[in-house]
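Trainee: Here is the input, now give the coordinates:
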Amino acid sequence: MATTLPSPKADEGSNDDVLFSVEADLNHRGRLGTSRLVVTPIEATRYEQTPAGEQLVAAYPVAELTETRTEQLVDAYAIVATHEGREVELIRSTNARSLQLSDTERRLKNLIEGKPLPPDADAPPLCPHCKRPLGEDSQVCPFCVDRGKTLLRMFSYTHGLRLRLVWGTVLTLSGTLVQIVPPFLSKFLIDNVLIKRELSMLAPTMLLILGSYALNMVVQIARGRNVSYLGMRITVAIRASLFEKLQSLSLGFYDRRNVGSIMSRMTNDTGALYEVLVDGIPVLLQQFALLIGIPIALFMTNARIAPYVIIPVPFVLLAVRMFRQRMERVWSRFWHNWSRLGGTLNGVLQGTRVVKAFHGENREVGRFERRIKDLSRTGYLAESSWATFFPAVQFTMALTIVITWWFGGRGVIAGTMTLGQLTAFVALVGMLQQPLMALQRIIDWSTRALTAAERVFEIMDLPDDIADAPDAVEMPHMRGAIEFQDVHFGYDRSREVLHGLDLSIGAGEMIGLVGHSGAGKSTLINLLMRFYDPTQGTICFDGVDLRKISLDDFRRQVGVVLQENYLFPGSIRYNIAYGRPEATLEEIIEAAKAANAHDFIINFPDGYDTYVGERGQRLSGGERQRIAIARAILHNPRVLILDEATASVDTQTERMIQEALERLVSGRTVVAIAHRLSTLRNADRLIVIDEGMIAEVGTHAELLEKEGGIYRNLVEMQQEMTKVQANFLGE
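Mentor: Numbers count the residues shown, from 1 in each chain. Okay, the predicted model is just below:
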């Protein structure tokens, strides 16, 4: 798609009040960078952040814009409009902000067509400080985040390790003192032993010097072991908290993210935390202690010469601060590119069969190479910046050595400084280089880790969409009566799927859901399972709002058999007992028999201990389905949901699954979606869903009598397909 960037026509200040705006994270060249689209009644104006500040890139009169739409690009999202017969791109972002752009496009379209704007609730939340839009599902503003608080939050996971922290502080301070001792002993050795030729003092002094080095070795070993233990414990606590948080988040969170990106936060980001906790922060504390202790030692040695020696230190520290700010931005882009690389790799590996079937290897290799190059460019920028900064600091510290010899040499010649003092000065200045040089590399560590920590805590700070209400009602024994009252829902705020659905299901009743593909049947099931909550209206179980029922009680009494049931890597026994881990082998076998699965299970060499493979791939589709039914039978739910439970299997396997399902549905409230409508003949009622609303209700016989009805048309279409298949097989 061609992007047109006309010359700016006006600035934001010349227009009327801003109606709405949106911020994106890509510039018009498709590279990472902050940009904004500001819409007033007169103009739609695009701004982009540059090294010189925010600049106006393009401006379009609203009256001249037509045919706005959102366009899906390669891992990006854009708002496009027609201006003077040409397509123009108003703004572009990564997929992470697609929802905000979709909302903005809808508001802009209403503005152009003269319709009322959607309510402000549709606009993305803004940061309370800088008023910039927050990221999707995020309350963390990357522009206002307090890295000091991030660091303190990392140490909030040290509960129960306070003594270890105190011990580590003692070791750090004592290690600093021990490191400063040898230069003073060298001064004593030169001034009081060598110059005065006190041979009797030579051996004791050398023993003291050797002892100080040995003591420093012991302290460093103890400190290193202590920080390694602390880093391990803290990282384990953070990873466990992150995984617990991931389990509590709703499916809506996973709908907007790929598995590779989530795994990157669990592995790479938390791994970076361990690196800084073990190699970064402890070393940082030690070097800061040296940075304070060495100047004090210099003044204690010779207060007249010390000020000249430490002149370069403030300039180095100022350069460190400026370099740190630059590296924070670089590593933020690095982790973003790393996450995109992980998402690409995960998607390709999971879809290997599709890639090969459609000969997409070369395309995927090209796409992966682009991801690698983006990551490499960011990594190169970070390393090249360090490679430039490091020698500059070395040169500055070399000046300190020259200053020491110049002023110290003049002091020795003038008699205001002893040779031992000069030797101690040179040694201490040489030690001063260590903390200043270490601070540079620690910037690398800390910037990586704090950026990674923000990504981890961003997930952990997300609100739980699906959680127990403060006044949650315990319902250990549900009857199974269900009622939908004016239920609206959409996976995307800009596109509603269900529109005011009303439905009552009696306890013990079997309901069949029927409709064209995309009508909203599976969405209704997702709401019924409380994978999502309605955007409007209520779903009640036994007269109680589903959002107020204890999740533990609800999950225990609702079971599901899906079209593509997931089996965990492990044994058949483990998978059947997943809903009831405490079940005995006898109960598991009884459930398998009821599901018509026992016979094929015992034919395996390992029986119920047979390994099913990744996603159950070592079993056939029918075998996986019957194990899923056995899992539901053992779970013994009060409400059962069947989502295309007999689809994609042969006729003989379907018959066995049907027999198992008949045993399973007995005495339960059942809501079923079936691919083959004939399997719903025994349902108490059939609910026909069309375009997110209930179109028809009745029994199989009643709906067949309805002339021109949706259900009747579906049945006739399937009968025609059956005849075609029979004729084909007959030939």
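Trainee: can we go C-alpha only for contacts and neighbour counts from here?
Mentor: Fine.
Trainee: Report all helices and strands that the lengthiest helix in the chain contacts.
Mentor: Assignment by DSSP state H gives helix 361-414 as the longest helix of the chain. In this structure, helix 361-414 packs against helix 306-309, helix 312-350, helix 419-460, with contacts taken as 3 or more Cα pairs under 8 Å, 6 or more residues apart in numbering; DSSP states H and E.
Trainee: I'd like to know how far Ile710 sits from Asp643.
Mentor: 20 Å (Cα to Cα, to the nearest Å).
Trainee: Apologies, that question was intended for Tyr157.
Mentor: Taking Cα to Cα, one finds Tyr157 at 43 Å from Asp643.
Trainee: neighbour-wise, which of these two wins?
Mentor: For the pair Tyr157 and Asp643, the greater number of neighbours falls to Asp643 (22 against 17), based on other Cα atoms under 10 Å.
Trainee: Now do the helices in the stretch 501-650 of the chain.
Mentor: 521-528, 551-557, 572-576, 585-594, 598-602, 621-635 (DSSP state H, counting those that start in this stretch).
Trainee: out of those, which comes closest to Lys706?
Mentor: Closest approach to Lys706 among the helices of the stretch 501-650 of the chain (Cα to Cα): helix 521-528, 21.2 Å.
Trainee: tell me how far the closest one is from the chain's mean position?
Mentor: Centroid displacement of helix 521-528 relative to its chain, using Cα atoms, centre = their mean, to the nearest Å, is 26 Å.
Trainee: do the same with stretch 194-210
Mentor: Remark: stretch 194-210 is offset 62 Å from the chain centroid, using Cα atoms, centre = their mean.
Trainee: so where's the stretch 1-150 of the chain uncertain?
Mentor: Flagging of the stretch 1-150 of the chain using pLDDT under 70 yields the residue ranges 1-16, 72-75, 95-96, 118-148.
Trainee: how about the helices of it, start to end?
Mentor: 98-112, 147-155.
Trainee: Just name the most buried of these.
Mentor: Burial among the helices of the stretch 1-150 of the chain, expressed as mean neighbours by mean count of other Cα atoms under 10 Å, is greatest for helix 98-112, which shows a mean of 21.
Trainee: Point to the residue nearest the middle of this structure.
Mentor: Ile262 (4.3 Å; Cα atoms, centre = their mean).
Trainee: Where does it sit, in terms of helix or strand?
Mentor: Applying DSSP states H and E as the criterion places Ile262 in helix 259-264.
Trainee: Give me the next element, helix or strand, following that helix.
Mentor: Using DSSP H and E, the helix or strand that follows helix 259-264 in sequence is helix 270-275.
Trainee: same for the helix or strand just after that next one, what does it pack against?
Mentor: Using DSSP H and E, the helix or strand that follows helix 270-275 in sequence is helix 281-301. The helices and strands touching helix 281-301, judged by 3+ Cα pairs under 8 Å, 6+ apart, are helix 162-188, helix 306-309, helix 419-460.
Trainee: residue ranges with poor pLDDT in the stretch 451-600 of the chain?
Mentor: By pLDDT under 70, the weakly predicted segments of the stretch 451-600 of the chain are 451, 493-494.
Trainee: quick one, the strand or helix carrying Ile238 and helix 162-188 angle?
Mentor: Take DSSP H and E as the rule and Ile238 turns out to sit in helix 202-248. Using axes from the mean of the first three to the mean of the last three Cα atoms, to 10 degrees, the interaxial angle of helix 202-248 with respect to helix 162-188 works out to 150 degrees.
Trainee: any idea of the mean pLDDT in helix 202-248?
Mentor: Averaged across helix 202-248, pLDDT comes to 87.
Trainee: Could I get the buried residue list for the next helix or strand after that helix?
Mentor: Counting by DSSP H and E, the next helix or strand C-terminal to helix 202-248 is helix 251-255. Using 16 or more other Cα atoms under 10 Å as the test for burial, helix 251-255 gives Gly252, Phe253.
Trainee: chain center to helix 251-255: distance?
Mentor: 11 Å.
Trainee: and the angle for the helix holding Ile238 with helix 147-155?
Mentor: Going by the same axes, to 10 degrees, helix 202-248 makes 90 degrees with helix 147-155.
Trainee: got the angle for helix 202-248 vs helix 281-301?
Mentor: Using the same axes, to 10 degrees: helix 202-248 against helix 281-301 is 150 degrees.
Trainee: helices or strands up against helix 202-248?
Mentor: helix 162-188, helix 270-275, helix 419-460.
Trainee: Redo those as a markdown table? Include distance to Gly30.
Mentor: What follows is those, written out as a markdown table (distance: least, Cα to Cα, whole Å):
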| stretch | distance to Gly30 |
| --- | --- |
| helix 162-188 | 46 |
| helix 270-275 | 28 |
| helix 419-460 | 23 |
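Trainee: What's the local residue count around Glu84?
Mentor: Neighbours around Glu84, by other Cα under 10 Å: 10.
Trainee: give me every residue that touches it.
Mentor: Glu84 makes contact with Glu64, Leu65, according to Cα atoms under 8 Å, 6 or more residues apart in numbering.
Trainee: Next: Arg333.
Mentor: Leu32, Thr378.
Trainee: Burial check on Leu341, number of neighbours?
Mentor: For Leu341, the count of nearby residues is 23 (other Cα under 10 Å).
Trainee: Report the separation between the residue nearest to it when sequence neighbours are not counted and Ile180.
Mentor: Nearest in space to Leu341, with sequence neighbours left out and distances taken as Cα to Cα, 6 or more residues apart in numbering, is Arg371 at 5.5 Å. Per Cα to Cα, Arg371 is found 49 Å from Ile180.
Trainee: For the helices of the stretch 1-150 of the chain, give me CSV that also has distance to Arg547.
Mentor: CSV is the format used below for the helices of the stretch 1-150 of the chain (distance: least, Cα to Cα, whole Å):
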stretch, distance to Arg547
helix 98-112, 25
helix 147-155, 32
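Trainee: of all these, which lies closest to Leu291?
Mentor: Closest among those, using Cα to Cα: helix 147-155, at 20.3 Å.
Trainee: now the closest one, how far from the chain's geometric center?
Mentor: Worked out by Cα atoms, centre = their mean, helix 147-155 lies 19 Å from the chain centre.
Trainee: sorry, back to before: switch the helices of the stretch 501-650 of the chain over to CSV; also include distance to Ala237.
Mentor: What follows is these, written out as CSV (distance: least, Cα to Cα, whole Å):
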stretch, distance to Ala237
helix 521-528, 32
helix 551-557, 25
helix 572-576, 27
helix 585-594, 35
helix 598-602, 40
helix 621-635, 32
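Trainee: looking at the ones you listed, which is closest to Ser241?
Mentor: The nearest among the helices of the stretch 501-650 of the chain, by Cα to Cα, is helix 551-557 at 19.9 Å.
Trainee: Now do the buried residues in that closest one.
Mentor: Leu551, Phe554, Arg556, Gln557.
Trainee: go on, stretch 301-319?
Mentor: Thr301, Asn302, Ile305, Ala306, Val309, Ile310, Val313, Val316.
Trainee: And for stretch 594-603?
Mentor: Neighbour-count burial for stretch 594-603, counted by 16+ other Cα under 10 Å, picks out Ala594, Ala595, Asn596, Ala597, His598, Ile601.
Trainee: Just the pLDDT for the closest residue to the fourth one other than its chain neighbours.
Mentor: Just to be clear, that refers to Ala597. Nearest non-adjacent residue to Ala597, counting by Cα to Cα, 6+ apart: Arg626, 5.7 Å away. Here the pLDDT value assigned to Arg626 is 84.
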